[in-house]
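J.: Curious how this folds, go ahead:
(2 chains)
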Amino acid sequence: MNVAILLPIAVPLVAAGLSMTVLGRLVPQRVIAVAASVTTLAASIGLLAGVSDAGPHAVVVGDWPAPIGISLVADRLSAVLLVIAEVMLAGVLLFAIGRRGDERSMRFFHPVYHVLAAGVALSFLTGDLFTLFVGFEVMLMASYVLLTHRADAKRVRAATTYVVVGLVASAFFLVAIAFTYSAAGTVNLAELAARVDALPGAIRSMLALLTLVVFGIKAAVFPLFFWLPDSYPTATAPVTAIFAGLLTKVGVYALLRSRTLLFPEDGPSTPLLVVAGATMIVGVLGAIAQDDVKRILSFHIVSQIGYKVMGIALYTAAGIAGTVIFLVHQIAIKTILLLVGGLIEDTAGTGSLRRIGGLARSRPLLAVLFIPTALSLAGLPPFSGFVAKLALVEAGIDAGSWAIVAVSLVASLLTLVSMAKIWAGAFWGEPEGPPIEGVPRRVPRLMVVTTAALVVVSLGIAAAAGPLFDYAADTAEDLLDPAVYPAAVFEEGSR
Amino acid sequence: MTAALPVLAGALFAAGTYLVLQRPLTRVLLGLALMGHGANLLLLAAGGRAGAPPLIGPDGAPVGAADPLPQALMLTAIVITFAVLAFLAVLAYRSYVLTGSDDVEDDVEDRRVARERLEDAA
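T.: Just a heads-up that it's a prediction; the model follows:
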């Protein structure tokens, strides 16, 4: 059973190595990629099943006793996020294989993609602050390469911002680790949880603020989001989709984990609520000002991060549960929406809404894929976004935080406006300017089929709202109980 | 524990911050290198007093051994920082080859949106 914790990290790394040995030969690379994807997905589903039955469990690497060895921990939160992330990784992999161009022009696409998957899994599963840093770096290094592989001047410029911001955040993370170690004498999360409480208030606040800034940069919360809408849209469609679906969400996961495990609070945190509200509004207003499909969607990534921070800021069981549901919903919806954005761009030959038009008539299937995803992002029933936003809004009302509830509803409405703008620009109306040759272009069938399958998955999330609600409530209970996580780690260590 | 290490780390961070805020990419790169060194020094300082090599021999652990964990963390961090900086150096060179300049350019799309705002206001 416990081997399943290692698989999502080890299998992609082995696959990356194997994939390097058959560089330039697409068929074996694809076989390795699909096999690795299926194995990790099966392992993470196994983890989810085990964790939801028996509660969190841990593996201490190298069989050292718990606080000395590096522990990998799967609890309800990390298991469910891992499963949905692996589903999206598999979907985007098929999309990229269908798109062909990326595999051919980017020689190292497959190996680097495996490394990205390993970094994401390591970040979700690690029970150690320093290993979290390593997981982040593995994931970021892979994303740097995917963003800049065979890049033109525009993409190099965008990637420069991304890499520089990433490096500054990493330096801060190291400083946070150094301070944490000198104050508490450990970087093991389970051991830290017990020791941070005993620290003087000022040092505790300083550590809390430092980790908040570090994870805030990774998660792209206001005012630390500026790097995201610049860099993400310049990548190729599958790369943007997987960045949008996973990278910022890993930041939110780290934020959620550190807030609940290390720096628990008694009630709603007003500064964090202000950050959440500002992220929602600034992100969505940015989206409305844009013209390019992928840029619009990238600003929405920022806006939606605000909702997840809202649940964390409320710091009630309902709020945390809302954030968990929202994370699951967003990992799926953001990936799919960017895939649909990629399909629009490939079909119309451009991402600029002024120059696209009439896709509803020429490509009705694309419209069918866009509608449920866009409405889900805006939070309309019966889609998964409605379920997630309902959970958060209810939590906000229960906590009596009316201001954030109002802000979140306004942001939802503006999201709908922005989605309507894409609809009116791309699917209705006529293109402006000189016509682009050969549009609407045909896109390979595998891309459309994969996107359609992922849309079905997202509808499945909405259909499974009841069980998901219960699961998220259990998750929130685990997270808010300070004994659950350390117990899992130390029980394993003493065995 | 001396004050030298933290003070030096602070100086490195100050110089690094100044350089990161410059426009030429090579200066940004050097600034990030300095910040990385500063962070690594802090990790070393987190280990506390310097001591004997932390090797467990036949007669057990030596008295007054240095704390080995921060050194292990620091070593890992140095490798990671080095790799990412090497990557950024390549990226800076590529940017120079493609644009013929070392400066980080403005974002085209941002400029377009800003220009439209001005036109709308006029």
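
J.: how close does the closest residue to A:Q29 other than its chain neighbours sit to A:M20?
T.: Distance criterion C-beta to C-beta, 6 or more residues apart in numbering or on different chains; nearest residue to A:Q29, sequence neighbours excluded, is A:H110 at 4.5 Å. (C-beta placed from N, C-alpha, C; glycine too.) The spacing between A:H110 and A:M20, counted by C-beta to C-beta, to the nearest Å, is 9 Å.

J.: Settle it for me: which of the two has more neighbours?
T.: A:H110 (28 against 14; other C-beta atoms under 10 Å in any protein chain shown).

J.: May I have the helix or strand harbouring the more buried one as PDB, with CA atoms only?
T.: Assignment of secondary structure by DSSP states H and E places A:H110 within helix A:109-125. Extracted in PDB, the C-alpha atoms of helix A:109-125 (Å, rounded to 0.1, in the frame of the first residue of the first chain):
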ATOM      1  CA  PHE A 109       9.000  17.700 -24.700                       C
ATOM      2  CA  HIS A 110       8.300  14.200 -23.300                       C
ATOM      3  CA  PRO A 111      11.200  13.900 -20.800                       C
ATOM      4  CA  VAL A 112      10.600  17.400 -19.400                       C
ATOM      5  CA  TYR A 113       6.900  16.700 -19.200                       C
ATOM      6  CA  HIS A 114       7.600  13.700 -17.000                       C
ATOM      7  CA  VAL A 115       9.900  15.700 -14.800                       C
ATOM      8  CA  LEU A 116       7.100  18.300 -14.400                       C
ATOM      9  CA  ALA A 117       4.700  15.500 -13.300                       C
ATOM     10  CA  ALA A 118       7.200  14.200 -10.800                       C
ATOM     11  CA  GLY A 119       7.700  17.700  -9.400                       C
ATOM     12  CA  VAL A 120       4.000  18.300  -8.900                       C
ATOM     13  CA  ALA A 121       3.600  14.900  -7.200                       C
ATOM     14  CA  LEU A 122       6.600  15.500  -4.900                       C
ATOM     15  CA  SER A 123       5.200  18.900  -3.900                       C
ATOM     16  CA  PHE A 124       1.800  17.400  -3.000                       C
ATOM     17  CA  LEU A 125       3.200  14.400  -1.100                       C
END
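
J.: following that helix, which helix or strand comes up?
T.: Past helix A:109-125, heading to the C-terminal end, the next element that is a helix or strand (DSSP H and E) is helix A:129-148.

J.: Wait, A:S352 touches A:K294, no?
T.: No: applying C-beta atoms under 8 Å as the test, A:S352 and A:K294 come out as separate, 10.3 Å apart.

J.: Please say which of those two ends up with more neighbours.
T.: With neighbours defined as other C-beta under 10 Å, A:S352 and A:K294 compare such that A:K294 has more, 23 against 19.

J.: A:D346 is in contact with that one, correct?
T.: No: using C-beta under 8 Å, A:K294 is not in contact with A:D346; the gap is 11.6 Å.

J.: can you count the residues close to B:V97?
T.: Other residues close to B:V97 by other C-beta under 10 Å number 10.

J.: what packs against whatever helix or strand it lives in?
T.: Following DSSP H and E, one finds B:V97 within helix B:68-99. Helices and strands touching helix B:68-99, by 3 or more C-beta pairs under 8 Å, 6 or more residues apart in numbering or on different chains; DSSP states H and E, are helix A:129-148, helix A:153-184, helix B:25-46.

J.: Any chance you could list what contacts whatever helix or strand comes next after that helix?
T.: The helix or strand immediately downstream of helix B:68-99 is helix B:108-121, counting by DSSP H and E. By C-beta atoms under 8 Å, 6 or more residues apart in numbering or on different chains, the surrounding residues in contact with helix B:108-121 are A:K154, A:D230, A:A289, A:Q290, A:D292, A:R295.
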